[in-house]
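Visitor: Sequence and predicted model, in that order:
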Amino acid sequence: MYATLPDGTLTPLYDCWINIPELNIKITMNILPDISDSKSASYPDENAIGRSMPFKSFQNSENRAISWTVHFVVCKAGDQKTIIESLRAFEACTYPMTQTTGGAPYAPPPICQLRCGSLLSDLKSSPLCAVLKSYSVKFDTSVPWDEIGYIPYKLDVDLQFEVVYNQSDLPGAEQIMVDGIGS
C-alpha cells in the first residue's frame with residue numbers, strides 16, 4: 001500500500017474514520033492517527049479476621065478511554081474546507097443538541113462511531129460508540145498556512161473519547177476476546 005496517490009495526494013484510509021451520524025459527517029483519516037486505549041478495574045482490599053493479608057475482590061471497572069490524535073495535512077485545493085468542517089464537527093460533539101420535542105430544550109451531544117482497522121474492535125463487528133469528552137487543537141505557525149482562512153497546512157487535533165454501550169449490551173470479558181467491543 002502506498003501512502004500517496006500518483007498525483008501526490010495522501011491515500012485515504014477508508015477503514016479508519018470517525019463517523020458522527022447525527023451531524024451527517026464522516027471524517028476519513030489520511031494519516032494513521034495516534035491512538036491510545038485504556039481501561040482500569042477496581043479491586044479494593046477486603047479484610048478478614050485471621051488472615052495475614054487482605055484479599056482482593058472485584059468492585060467495578062472504570063470507563064474505557066480512547067485518545068485519538070487526528071493529523072490533518074493540506075495536499076490540494078479544498079482540503080482547507082474539509083479541515084474546517086472536521087474541526088467544527090469535533091467542536092459540535094462537545095455541545096448539547098437542540099431538541100424540539102419532548103419538553104426539554106436540549107438533548108445530549110452526538111455520539112461518535114470510531115473505527116481504525118482492527119485496533120479498537122474487530123473488523124466484522126460494529127464500530128466503537130463513544131462520546132467526545134474533549135478536543136484540543138493548536139494552530140502551528142511554523143508551517144505554511146492558507147492566507148484566506150489562516151488554516152495551517154499541517155495541524156493535529158487531540159480528541160479524548162469515552163466508550164458508551166447500550167445498557168442491554170454491556171460487554172463481558174468473553175465478548176471482548178471475540179470482537180473487542182461486545183455485541
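Guide: Arrived safely, thanks for sending. Numbering: from 1, shown residues only.

Visitor: give me the low-pLDDT residue ranges for the chain?
Guide: Filtered on pLDDT under 70, the chain yields the residue ranges 1-2, 8, 100, 166-183.

Visitor: Neighbours of the residue nearest to residue 12 when sequence neighbours are not counted, how many?
Guide: Using C-beta to C-beta, 6 or more residues apart in numbering and skipping residues adjacent in sequence, the residue nearest residue 12 is residue 28, 5.0 Å away. All C-beta atoms are positioned from the backbone trio N, CA, C, and that covers glycine. Per other C-beta atoms under 10 Å, the neighbour tally for residue 28 reads 15.

Visitor: other SSEs contacting the helix or strand encompassing residue 28?
Guide: Assessed by DSSP states H and E, residue 28 sits inside strand 25-29. Here strand 25-29 touches strand 13-20, strand 65-73, helix 79-92, going by 3 or more C-beta pairs under 8 Å, 6 or more residues apart in numbering; DSSP states H and E.

Visitor: In that strand, which residues are buried?
Guide: 25, 27, 29 (16 or more other C-beta atoms under 10 Å).

Visitor: got it, and stretch 31-46?
Guide: 31, 33, 35.

Visitor: do the same with stretch 65-84
Guide: Buried, per 16+ other C-beta under 10 Å, within stretch 65-84: 65-66, 68, 70, 72-74, 79-80, 83.

Visitor: picking that back up, distance to residue 48 added to the helices and strands packed on strand 25-29, as a markdown table?
Guide: Output for those, formatted as a markdown table (distance: least, C-beta to C-beta, whole Å):
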| stretch | distance to residue 48 |
| --- | --- |
| strand 13-20 | 48 |
| strand 65-73 | 34 |
| helix 79-92 | 50 |
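
Visitor: Compare the ones you listed and report which one is nearest to residue 55.
Guide: With C-beta to C-beta as the criterion, residue 55 lies closest to strand 65-73 of these, at 28.3 Å.

Visitor: Just the C-alphas of the closest one, formatted as CSV.
Guide: What follows is strand 65-73 as a C-alpha-only set of coordinates in CSV (Å, rounded to 0.1, in the frame of the first residue of the first chain):
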residue,chain,number,x,y,z
ALA,A,65,-10.9,5.9,27.4
ILE,A,66,-9.7,6.4,23.8
SER,A,67,-7.2,9.2,23.0
TRP,A,68,-7.1,9.9,19.2
THR,A,69,-4.9,12.4,17.5
VAL,A,70,-6.0,13.3,14.0
HIS,A,71,-3.3,14.6,11.7
PHE,A,72,-4.5,17.0,9.0
VAL,A,73,-2.3,18.0,6.0
